[in-house]
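Participant: Fold the following.
(2 chains)
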There are 2 protein chains.
Amino acid sequence: MSDPTTAPTTSVLARLDADATAARDRLFDWLRIPSVSAQPAHAGDCVRAAEWVRDQLAAIGFAAELRPTPGHPVVIAHHPGTGPAGAPRLLYYGHYDVQPAEPLDLWVSPPFAPVEVQGPHGPRVVARGAVDDKGQTLMWIEALRAWHAVAGGPPVPVTVVIEGEEETGSTNLDAFLAANRDALRADVAVISDTGMWDIETPAITTRLRGLVYAQIDLFAASRDLHSGLYGGSALNPINLLARILGDLHDAEGRVRLPGFYDGVRELTAEQRAAWDSLGFDEAAFLGEVGLSVPAGERGRSGPERLWARPTADVNGIWGGYTGEGSKTVIAAEAHAKVSFRLVPGQDPAKVEDAFRQFVNERLPADARVEFRMRGGSPGIEIPDDSPWVRAARAVLAEEYGRPAVLIGAGGSIPVVESLRRLLGLDSLLLGFGLADDGMHSPNEKFELRCFHGGARSHARLLGRLAGP
Amino acid sequence: MSDPTTAPTTSVLARLDADATAARDRLFDWLRIPSVSAQPAHAGDCVRAAEWVRDQLAAIGFAAELRPTPGHPVVIAHHPGTGPAGAPRLLYYGHYDVQPAEPLDLWVSPPFAPVEVQGPHGPRVVARGAVDDKGQTLMWIEALRAWHAVAGGPPVPVTVVIEGEEETGSTNLDAFLAANRDALRADVAVISDTGMWDIETPAITTRLRGLVYAQIDLFAASRDLHSGLYGGSALNPINLLARILGDLHDAEGRVRLPGFYDGVRELTAEQRAAWDSLGFDEAAFLGEVGLSVPAGERGRSGPERLWARPTADVNGIWGGYTGEGSKTVIAAEAHAKVSFRLVPGQDPAKVEDAFRQFVNERLPADARVEFRMRGGSPGIEIPDDSPWVRAARAVLAEEYGRPAVLIGAGGSIPVVESLRRLLGLDSLLLGFGLADDGMHSPNEKFELRCFHGGARSHARLLGRLAGP
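Facilitator: Residues are numbered from 1 along each chain as shown, chains lettered A, B, ... in the order given. Okay, here's the model as predicted:
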């Protein structure tokens, strides 16, 4: 690999520094377009936001176009790169759509009139989409722009996909990916939609939990019964549902589905040491939402519980009389939505089967169950020693003067799962948001220091991946 | 006590037989008044139904009047009786209001146009209120009428209370009873709003279960949380609620509240034999509602489980996301409505306390609970050897040529509890309905054979209680 401190990377970084104010102005321009994908009234704004970023890419040498979907369009762009044959092809993914800005009265300034204000870390941009994901997407576009200015283009071939439905579940993305497999062929995906550890410490997210989501519907009598006339004789499906779900965890907080932990790997000593060194304050993390004590699996650290251990949570439950006052009814049915967060090594299909078995084993005579399983995605882990993670660690260490931490995320990022499943791509999750950025909340912001450091890091990464 | 087969009872029974067609016509008249207490449009009909029965009582020598309440009026009537001083004073209770008739399209004939149709037990009356409770109320009024015709009045002093809000929870009855304690002084209450064992077998209901009804509200985090970001660390109040409620019963179906069975008496050998001899077919009872196997306490007979054993049932449960599709939320709160059916010997206040204790003992750090207790009534048992039960058994045996069975009811009858609590009165529950009468359902009916046998039984009871 090239020495990243030599030209042209040095020149690219200098160019980014010189162009920082203009980059901020471009971010403002994009943020002024209220591309709220969830609100039909903003459909035209979504197209405008897509066109805006298409034009940015076209201006720096990309073959860029809008592709219609049944929802909002996808921006797709290609650049052959200026580097040697055999350089890896990168697929950059971002999204131009934003969350609804409501409740509007909680914003200090209008959500689509971006402003620069001073914060403890210097100037920040306040607007809907500042960090999620226009700011983080524009970081790597600015890196590509600087490479274009200095070297006529990126040193590696680049494909760009920027969708407009991430905030509404990426409804049409899978079909788009599947239909464009050839055009999207690449060696790795690069995504900036996650966070740093803190303002000083860069982070690469290398673990995501997967998900199995199930609705169970329990049925007993053919109609609701009077609890006086039938109580003590008739099966009560809510009692039964509580018994089944109450049995999901043992006294140590472990999930009791048969075989649930099959394939779950313990942390390596190295991973454990690295996560321990993060100094994650779980009490403070919980304190922000009014809790104080970890309620999950005993004998695990906070990061481990959140990133490397699977869970079972009832997400919703309903049955019987739920109105005001009292009604003495034995319901005919009872319902729950239950989800399992999975870690790498667990097979979603086996977890689904285990859940069915767990419930079925606990059904008495006269109870009938229906399951509705919704998708199912495995936990994902990018090996710490993959060339992509190694390259990213190197450039982040150069940019920030300290090692990047490798962290996990407790949730899934659906596009990462889709890219793996449909295109066979690993994702390099290189994020520059901060925990207090207010993603999805009023007064969303992005630190300009993060924006600029992110662009510089992406510029370095392009240089490093170019070879030799 | 008098010989019930001697005059005047013999003459009264003859009078009832001779007057049967006119009695049926009077029932038709009352049934034509659509006194649906739940429907404001029928408020005037409720007054008409009250006035109709007041006039019936006035016509047979009672001092009868309507008393206003904040809802529908109460009919109150008194007769000093014609018998010797010292005869017991009876308080007859009934209600003139009926359930709504909807769904109207399921009625074979209009609900307020009573018709006589032939059934397997002879002619029956089909109309809303036929059995519940106009028919059963008119039975004892017809008995009083016959006594009036033969002997100038009942042989014992009688007070009558007929309310118009039974089907809407007797909202104003307690206040009426409390405000009229002196006027309502009596030795026993007589109520016909229950059933026979079957068309051949008279029954006295001597046991009613009581009720403790609680809503529990569990609170954890200060807001709903993302199950990916927090799952495995944050307390999930629905998981907790399931664990608590799932723990309510042991493997034998016994309720696990501390001290729950304190004071619960085992059946006497005599009671057990009597109930065993009923030949109650629990499988058939459950089969009618799509069940097949008793789900309650193990090692008990059907009647015992339903009438003499306490229960715990979750009547409603809700929390988290209950809409279509999936939402990966850890809810901030979870709720349930839980009721306990009580049997004589259990103290409702102690059961409430035990439930609080049971829940509190299972609360981890960060969980908070609120309880909303709604009333609480004890189980009721009228001793088999009370003079009222003995008298009723005797007259039913005479009328039906076979012994009456003493049965229980799994639910409570609120007026029975009110009469005991506010007036200190035991209730003699002498009912002539059948299980297939369709109370509260379309095509409600009352067998004329039951109507007439009930009137004759009431006439005999009056004679028997008169002395000597």
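
Participant: contacts and neighbour counts: CA atoms only from here.
Facilitator: Fine.

Participant: Can you pull the residues of the stretch 301-450 of chain A lying near chain B?
Facilitator: When proximity is defined by CA under 8 Å from any CA of the partner chain, the stretch 301-450 of chain A lies next to chain B at A:302, A:305-306, A:309-322, A:325-331, A:336-337, A:339, A:341, A:365-366, A:374, A:409-412.

Participant: among those, which are in helices?
Facilitator: residue A:302 (DSSP state H).

Participant: isn't residue A:444 right up against residue A:433?
Facilitator: No: with contacts counted by CA atoms under 8 Å, residue A:444 stays clear of residue A:433, the gap being 10.8 Å.

Participant: Find the residues that touch each one of those two.
Facilitator: residue A:131 (CA atoms under 8 Å, 6 or more residues apart in numbering or on different chains).

Participant: neighbour-wise, which of these two wins?
Facilitator: residue A:433 (31 against 21; other CA atoms under 10 Å in any protein chain shown).

Participant: Correct me if wrong: the more buried one contacts residue A:195.
Facilitator: Yes: using CA under 8 Å, residue A:433 and residue A:195 qualify as a contacting pair, with a distance of 4.1 Å.

Participant: List the contacts of the residue lying closest to residue A:151 once chain neighbours are set aside.
Facilitator: The shortest distance from residue A:151 to any non-neighbouring residue, by CA to CA, 6 or more residues apart in numbering or on different chains, is to residue A:8 (7.2 Å). Residues near residue A:8 by CA under 8 Å, 6+ apart: A:150, A:151, A:463.

Participant: Averaged pLDDT, the helix or strand encompassing residue A:140. What do you get?
Facilitator: Assigned by DSSP states H and E, residue A:140 belongs to helix A:134-151. Helix A:134-151 shows a mean pLDDT of 98 in the predicted model.

Participant: And the following helix or strand past that helix, what does it pack against?
Facilitator: Remark: after helix A:134-151, the chain's next helix or strand is strand A:158-163, criterion DSSP H and E. Under the contact criterion of 3 or more CA pairs under 8 Å, 6 or more residues apart in numbering or on different chains; DSSP states H and E, strand A:158-163 touches strand A:74-79, strand A:90-95.

Participant: In JSON lines, list the ones you listed along with distance to residue B:140 and mean neighbour count.
Facilitator: What follows is the helices and strands packed on strand A:158-163, written out as JSON lines (distance: least, CA to CA, whole Å; neighbours: other CA atoms under 10 Å in any protein chain shown):
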{"stretch": "strand A:74-79", "distance to residue B:140": "81", "mean neighbour count": "24"}
{"stretch": "strand A:90-95", "distance to residue B:140": "80", "mean neighbour count": "24"}
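
Participant: Can you tell me the closest non-neighbouring residue to residue A:118?
Facilitator: Residue A:118 sits nearest to residue A:124 (CA to CA, 6+ apart), 6.1 Å away.

Participant: cool, and residue A:71?
Facilitator: Residue A:71's closest residue in space is residue A:172 (CA to CA, 6+ apart), at 6.9 Å.

Participant: The one you found reaches residue A:69, doesn't it?
Facilitator: Yes: in this structure, residue A:172 is within contact of residue A:69 by CA under 8 Å, at 6.6 Å.

Participant: which residues touch the most centrally placed residue in chain A?
Facilitator: Nearest to the mean C-alpha position of chain A, by CA atoms, centre = their mean, lies residue A:413 at 3.3 Å. Going by CA under 8 Å, 6+ apart, residue A:413 touches residue A:208.

Participant: can you do 10 Å?
Facilitator: Residue A:413 makes contact with A:166, A:193, A:194, A:208, A:209, A:210, A:380 under the criterion CA atoms under 10 Å, 6 or more residues apart in numbering or on different chains.

Participant: Tabulate those residues in TSV, adding columns for neighbour count.
Facilitator: As requested, the contacts of residue A:413 are exported to TSV (neighbours: other CA atoms under 10 Å in any protein chain shown):
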residue	neighbour count
A:166	23
A:193	21
A:194	22
A:208	29
A:209	28
A:210	26
A:380	25
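
Participant: out of the residues you listed, who's nearest residue A:352?
Facilitator: residue A:210 (12.6 Å; CA to CA).

Participant: pretty sure residue A:442 is in a strand, no?
Facilitator: No: per DSSP: H, G, I helix; E, B strand; the rest coil, residue A:442 lies outside any strand segment and is coil.

Participant: show me the contacts for the closest residue to it other than its chain neighbours.
Facilitator: Leaving out its chain neighbours, the residue that sits closest to residue A:442 by CA to CA, 6+ apart is residue A:107, at 5.3 Å. By CA under 10 Å, 6+ apart, the residues touching residue A:107 are A:101, A:126, A:127, A:128, A:441, A:442, A:443, A:444.

Participant: As JSON lines, the contacts of residue A:8 with distance to residue A:218 and neighbour count would be great.
Facilitator: Listed next are the contacts of residue A:8 as JSON lines, based on distance: CA to CA, whole Å; neighbours: other CA atoms under 10 Å in any protein chain shown:
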{"residue": "A:150", "distance to residue A:218": "65", "neighbour count": "19"}
{"residue": "A:151", "distance to residue A:218": "64", "neighbour count": "18"}
{"residue": "A:463", "distance to residue A:218": "58", "neighbour count": "28"}
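
Participant: Tell me the most packed of the contacts of residue A:107, by neighbour count.
Facilitator: In the contacts of residue A:107, the most neighbours by other CA under 10 Å go to residue A:128, 35 neighbours.

Participant: So that residue belongs to a helix, correct?
Facilitator: No: looking at residue A:128 with three-state DSSP, it is coil, so not inside a helix.

Participant: Would you check that it makes contact with residue A:98?
Facilitator: Yes: Residue A:128 sits in contact with residue A:98 when judged by CA atoms under 10 Å, with a separation of 6.8 Å.

Participant: Mutual contacts of the two, please.
Facilitator: A:31, A:33, A:34, A:35, A:36, A:134, A:439, A:440.
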